[in-house]
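In: generate a structure from the sequence data that follows.
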Amino acid sequence: MALLRPLDKLPTLDVATVLLLGTEETLLQQLGAAIIEECEGTAKIQVHMASSLPLPSDRECFRPRIDLIVFVLSLHSKYSLKTVELSLPHVDASFFLGKVCFLVTGARNEQNNGVHLDTVKKMAATYHSPLLFADLEVKCFRVSMAQRLIRILQICAGHVPGLSALNLLSMMKGSLDLSEQECD
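Out: The predicted structure follows:
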């Protein structure tokens, strides 16, 4: 079992890399395109996508250091939740010090949900990771989420002076505590 570790590779100067992980390939591609489009000319950001972990080991030498992992979950698909649950053991514990977040899509249409929202909230609370919500099928929400992920990614990659991924996690801790209380 190959663990994905945050500090296995040296960083590339002024480059930040995000790994979007989920089963909804179209949504991942649209979000990745929105991220690249939003940071055009301002920052050098690489977007990688995968449907699950572990990543193939044959391309390990070509893979850049990953600064942020975004687990994209669709509440309409139990398969989406199962894939994330099976991928989490392949992530080193040090990634959960601010370099992982969960992005939930499909929360607006509750009657079609195959996954209960409390399940996802408990997962985010268990891994002490931020839980973000966005309807990625709507362009304005997708662009807004891309802007938010770019800012989080810049902090996780160390491109924002005075802030680190751990600082970001502690600033978001208040919202994590609220979601834990809602789950109880």
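In: mind jotting down where the helices sit in this protein?
Out: Taking DSSP state H to define them, one finds helices in the chain at 25-38, 78-87, 117-126, 139-156, 165-183.
In: what sits up against the second one?
Out: Contacts with helix 78-87, where a contact means Cβ atoms under 8 Å, 6 or more residues apart in numbering, come from 21-24, 51-53, 71-74, 102, 114-115, 119-120, 123. All C-beta atoms are positioned from the backbone trio N, CA, C, and that covers glycine.
In: roughly how far apart are the residue nearest to the spatial centre of the chain and Gly41?
Out: For the chain, the residue sitting closest to the mean C-alpha position, by Cα atoms, centre = their mean, is Val70 at 1.1 Å. To Gly41, Val70 is 23 Å away according to Cβ to Cβ, to the nearest Å.
In: what does Leu7 give?
Out: Counting by Cβ to Cβ, the gap from Leu7 to Gly41 is 29 Å.
In: repeat for Leu53
Out: Taking Cβ to Cβ, one finds Leu53 at 32 Å from Gly41.
In: more neighbours, those two?
Out: More crowded of Leu53 and Gly41, by other Cβ atoms under 10 Å: Leu53, with 21 against 5.
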